[in-house]
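Student: here is the input, now give the coordinates:
(4 chains)
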There are 2 protein chains.
Amino acid sequence: MSETYTISELAREFAITTRTIRYYEDETLLSPRRKGQQRIYAEKDRVLLKLILRGKRLGFSLNESKAILSLYEPGGSNRHQLQTMLDLLRKKQASLRLRFEDIEMMQSYLLEAEERISSALADDLGNQAPNSNNQN
Amino acid sequence: MSETYTISELAREFAITTRTIRYYEDETLLSPRRKGQQRIYAEKDRVLLKLILRGKRLGFSLNESKAILSLYEPGGSNRHQLQTMLDLLRKKQASLRLRFEDIEMMQSYLLEAEERISSALADDLGNQAPNSNNQN
DNA sequence: GTTCTAGTTTACGTAAACGTAAACTAAGAT
DNA sequence: ATCTTAGTTTACGTTTACGTAAACTAGAAC
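Tutor: Okay, the predicted model is just below:
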């Protein structure tokens, strides 16, 4: 028997609330098995959840993630659906590339800001010290 | 005299609405000069707006961006403020690094999905194929 | 002088993504 | 038997980041 998880185990692992997980189910992003009235999550559900959260961190809406992730579900998609999805994927890839650049620029911005703050703190601290700890 | 912009010029450039720009002002992220009752944006404001939007793409809330960006404003910060800000910067840098990884993983996911879809489309086209793409 | 054309203020509305509280269930532990 | 301890459903509330409409202003064009 393969590994299963309770809702609170997943919540703990990903540092989210059970409410969030149930919400994703409401939005039909997840559909765990049931044992009585309790939800039982399989490894597959866990992976899906992980992907959803990753998407979230990248600024994907739940609906976008849903569209992208539904590619792994069984059930036939017709050609139009597939084409639509391919287009969506291309756009998402492009936006990811842009975000990549955003990250690089923001990184350098943050690094610069950090240096300025560090030296400001140093100046403030040893209010005599000529500070020179700025080796990156 | 250095370059200035009207609100709709900026809106056009960044493909956002004027409402959005005024909203950022309400939230004290921007503070353009006035000429009569009209807003006049300087290059500095434009750069700020650009940074705000970049932050948004990276999932920063407006308040976070505001905190980070306020580093460039004049006005003294005391040591506690500076330290707090440095901590915030470190956290943001860490989260950016994680997001970097997220992007790499999502990229490969999307690429894989795209390949599967492409071949599905190809299969579908030559509609003779008995489909058997279920390799997980 | 009036008619566009931006621009402005004020204010209520809205979608997404949960938070939170209430009331209930079911399985173990004591 | 009852008391915890998850887990569940239902449903209203909340925050963020704007959308949208109404009513007003001010300069430019005719």
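
Student: elements contacting the helix or strand harbouring residue A:47?
Tutor: Using DSSP states H and E, residue A:47 sits in helix A:43-57. For helix A:43-57, the packing partners by 3 or more C-beta pairs under 8 Å, 6 or more residues apart in numbering or on different chains; DSSP states H and E come out as strand A:4-5, helix A:7-14, helix A:18-26, helix A:62-69, helix B:79-125. (Glycine included, C-beta is placed from N, CA and C.)

Student: any chance of these in JSON lines, with mean pLDDT too?
Tutor: Output for the helices and strands packed on helix A:43-57, formatted as JSON lines (pLDDT from 0 to 100):
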{"stretch": "strand A:4-5", "mean pLDDT": "96"}
{"stretch": "helix A:7-14", "mean pLDDT": "97"}
{"stretch": "helix A:18-26", "mean pLDDT": "98"}
{"stretch": "helix A:62-69", "mean pLDDT": "92"}
{"stretch": "helix B:79-125", "mean pLDDT": "86"}
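
Student: flag every residue of chain A that's near DNA strand D.
Tutor: A:6-9, A:18-19, A:22, A:37-39 (C-beta under 7 Å from any atom of the strand).

Student: tell me which of those residues is nearest to DNA strand C?
Tutor: residue A:19 (3.8 Å; C-beta to the nearest atom of the strand).

Student: for the closest one, what are its contacts?
Tutor: Applying C-beta atoms under 8 Å, 6 or more residues apart in numbering or on different chains to residue A:19 gives no contacts.

Student: just residue A:3 next, same as before
Tutor: Per C-beta under 8 Å, 6+ apart, neighbours of residue A:3: A:42-43.

Student: backbone phi and psi for it, please?
Tutor: With angles defined as degrees, to the nearest 10, residue A:3 sits at phi -70, psi 140.

Student: state the distance from it to DNA strand C.
Tutor: If you measure residue A:3 against DNA strand C using C-beta to the nearest atom of the strand, to the nearest Å, the figure is 18 Å.

Student: before we move on, back to that, now the buried members of the residues of chain A next to DNA strand D.
Tutor: In terms of neighbour count (16 or more other C-beta atoms under 10 Å in any protein chain shown), the buried residues within these are A:7, A:39.

Student: what's the closest of the residues of chain A next to DNA strand D to residue A:86?
Tutor: Distances from residue A:86 to the residues of chain A next to DNA strand D, taken as C-beta to C-beta, are shortest for residue A:22 (31.7 Å).

Student: pick out the residue closest to the middle of chain A.
Tutor: Centroid-nearest residue in chain A: residue A:54, 2.1 Å away (criterion: C-alpha atoms, centre = their mean).

Student: does that one touch residue B:106 like I think?
Tutor: Yes. Counting by C-beta atoms under 8 Å, residue A:54 does reach residue B:106; the two are 6.1 Å apart.

Student: what does the model give residue A:73 for pLDDT?
Tutor: With respect to pLDDT, residue A:73 scores 69.

Student: also the one 4 residues further on?
Tutor: We have a pLDDT of 63 for residue A:77.

Student: what's the burial count for residue A:5?
Tutor: 19 (other C-beta atoms under 10 Å in any protein chain shown).

Student: wait, it sits on residue A:46?
Tutor: Yes. Counting by C-beta under 8 Å, residue A:46 is a contact partner of residue A:5 at 6.0 Å.

Student: shared neighbours, those two?
Tutor: With C-beta under 8 Å, 6+ apart, residue A:5 and residue A:46 have common neighbours residue A:13.

Student: doesn't residue A:16 belong to a helix?
Tutor: No. Counting by DSSP: H, G, I helix; E, B strand; the rest coil, residue A:16 is not found in a helix; it is coil.

Student: what about it, distance to residue A:71?
Tutor: Using C-beta to C-beta, to the nearest Å, we find residue A:16 at a distance of 23 Å from residue A:71.

Student: please apply the same query to residue A:86.
Tutor: Applying C-beta to C-beta to residue A:86 and residue A:71 gives a distance of 10 Å.

Student: and the nearest residue to residue A:51 once chain neighbours are set aside, how many neighbours does it have?
Tutor: Spatial nearest neighbour of residue A:51, chain neighbours left out: residue A:69 (5.8 Å); criterion: C-beta to C-beta, 6 or more residues apart in numbering or on different chains. A count of nearby residues for residue A:69, using other C-beta under 10 Å, gives 19.

Student: appreciated, that's everything.
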